[in-house]
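Student: only the shape, not the letters, is given here:
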């Protein structure tokens, strides 16, 4: 008989992906949640997962080899209570990943405030293109893979023997693991072996709901750096001064730094350096790569923008220095990287109006995403004028809904021609701590307006968007179904 696992809170992105991994191992998988909306609900059912709506003690009755409890589940949840009363073996998502999927592998852990999903997807695809048969666990849907998670190969067989363990690329989240272990998930992903590879894209205060100040947030990355074994490798953006200082003070592993041409890296000379070139008319992003001062030639990828070049250099460095992927072979893999859904994701272009979906919600991510889309729009319409970039922003995360980045948001929309601000996506933020949308609109200027509802945003876009415009829908949530509703309204 196969092993049986039950996942409490299975509809989350990470928990749903974990369920798929257990199915790939041949386990019987079932799970409970309040809803099983698309895309995760249908995907779980198609994979043979038993989906149980709502939470009930009887869901954890019978013979269970393992229960995995999601980090959104509170201690007083009826299933969590029943698990404790029955004495069932229970793990967090990150602990389950460590025990069942990372052990025996070489982890490539991608951490940092921004760019984790794209960098993880790039790294996994570069390793796959180099025939390393990686496993991966990514907090998004990479377009090169059928899903965001796969077991991969435990050990690659070669003629006359066996190769070292295959890599397992995992997006390392700094959010807490589970109600009984209030520490970052990424702590479970390092120290699995003796030679972990870790990417730190940068450190910028986030997740204010659990890290009230910058010091408490930075402290998690300091602990992470100390946990990486001496024989490991940490790859870091040299322009991220806070991250550099933190790693240099706490890391035991070898540090390798990367940057873009023109970055302020202080007295630090990055080993890996990229010089971005203008986006071409086809939307490709070229850049020249230098390693140790030596030219490796011109690279190109389909994901435009300086922030994507930065992610690409991190992935190239980690794969080459950590897993010995030849740089020229990595270049071929990068050129065929299709991107990640909800990252500059072109949903359609009805009536010549390009509609993009992007997960950006932190001001830095908003600024970089809009700059990339502006550059892409200009390259595609070099001989035309009048195409406008609309930024439609829904503050939804615990950090975005607060005034922490009030001034930073005012600067983040500089590349947009028109800005529509949706109401806050959370109603439980104290009045004195909320992001002030009316003030934000005034600070941005005449091009911005705080809208009363998602429906009002839909009507404005349907009435005023014109051919040649690009609309960036920026939210880390469903945005009230605006994506599909807008495409339907714009379609002739």
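Tutor: Now that the structure is in, tell me what you want to look at. Quick caveat: nothing in here was measured; it's all calculated off a predicted structure.

Student: pop the domain breakdown of the protein in here.
Tutor: Split into domains by automatic domain parsing, the chain comes to 4-88, 96-335, 345-490.

Student: quick one: end-to-end length of the shortest one, please.
Tutor: It refers to domain 4-88. Domain 4-88 has an end-to-end distance of 12 Å (criterion: C-alpha to C-alpha, to the nearest Å).

Student: which stretch of helix or strand covers residue 483?
Tutor: Secondary structure from DSSP states H and E places residue 483 in helix 482-490.

Student: contacts for that helix?
Tutor: 347-348, 350-351, 353, 355, 357, 392, 454, 457-458, 461-462, 465, 471, 473 (C-beta atoms under 8 Å, 6 or more residues apart in numbering). Backbone N, C-alpha and C define where each C-beta goes, glycine included.

Student: from the residues you listed, which single one is nearest residue 100?
Tutor: Lowest distance from residue 100 to the contacts of helix 482-490 (C-beta to C-beta) belongs to residue 357, with 32.4 Å.

Student: the closest one: neighbour count?
Tutor: For residue 357, the tally of surrounding residues (other C-beta atoms under 10 Å) stands at 19.

Student: please name the bridge partners of it.
Tutor: residue 345, residue 473 (DSSP bridges).

Student: low pLDDT regions in the stretch 351-492 of the chain?
Tutor: Residue ranges of the stretch 351-492 of the chain with pLDDT under 70: 381-386.

Student: those strands in it, which residues are they?
Tutor: Under the criterion DSSP state E, counting those that start in this stretch, the stretch 351-492 of the chain carries strands at the ranges 354-358, 389-393, 418-421, 448-450, 470-474.

Student: how about the ones you listed in a markdown table, adding distance to residue 166?
Tutor: Shown next, in a markdown table, are those (distance: least, C-beta to C-beta, whole Å):
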| stretch | distance to residue 166 |
| --- | --- |
| strand 354-358 | 32 |
| strand 389-393 | 40 |
| strand 418-421 | 45 |
| strand 448-450 | 49 |
| strand 470-474 | 36 |
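
Student: buried residues of stretch 52-70, list them for me.
Tutor: Within stretch 52-70, the residues scored as buried using 16 or more other C-beta atoms under 10 Å are 52, 55, 59, 60, 64, 66, 67, 68, 69, 70.

Student: the fourth one: what's its closest spatial neighbour, skipping adjacent residues?
Tutor: With C-beta to C-beta, 6 or more residues apart in numbering as the measure, residue 82 is the residue that lies nearest to residue 60, at 5.0 Å, once sequence neighbours are left out.

Student: sorry, back to before: to residue 297, which of the strands of the stretch 351-492 of the chain lies closest?
Tutor: strand 354-358 (30.1 Å).

Student: which parts of this structure are helices?
Tutor: Using DSSP state H, the helices found in the chain span residues 13-24, 40-46, 78-86, 93-97, 116-129, 214-227, 241-250, 306-323, 327-335, 363-380, 406-412, 437-444, 454-464, 482-490.

Student: contacting residues for the nearest residue to residue 465 once chain neighbours are set aside?
Tutor: Distances taken as C-beta to C-beta, 6+ apart place residue 353 nearest to residue 465, at 4.9 Å, with adjacent residues excluded. The contact partners of residue 353, by C-beta under 8 Å, 6+ apart, come to 465, 466, 467, 468, 469, 470, 471, 490.

Student: separate out the buried members of these.
Tutor: Applying 16+ other C-beta under 10 Å to these, the neighbour count classes 465, 468, 469, 470, 471, 490 as buried.

Student: how near is the second one to residue 390?
Tutor: Using C-beta to C-beta, to the nearest Å, one gets 12 Å for the distance from residue 468 to residue 390.

Student: now the fifth one
Tutor: Distance, residue 471 to residue 390, using C-beta to C-beta: 4 Å.

Student: what do these two both touch?
Tutor: 461, 465.
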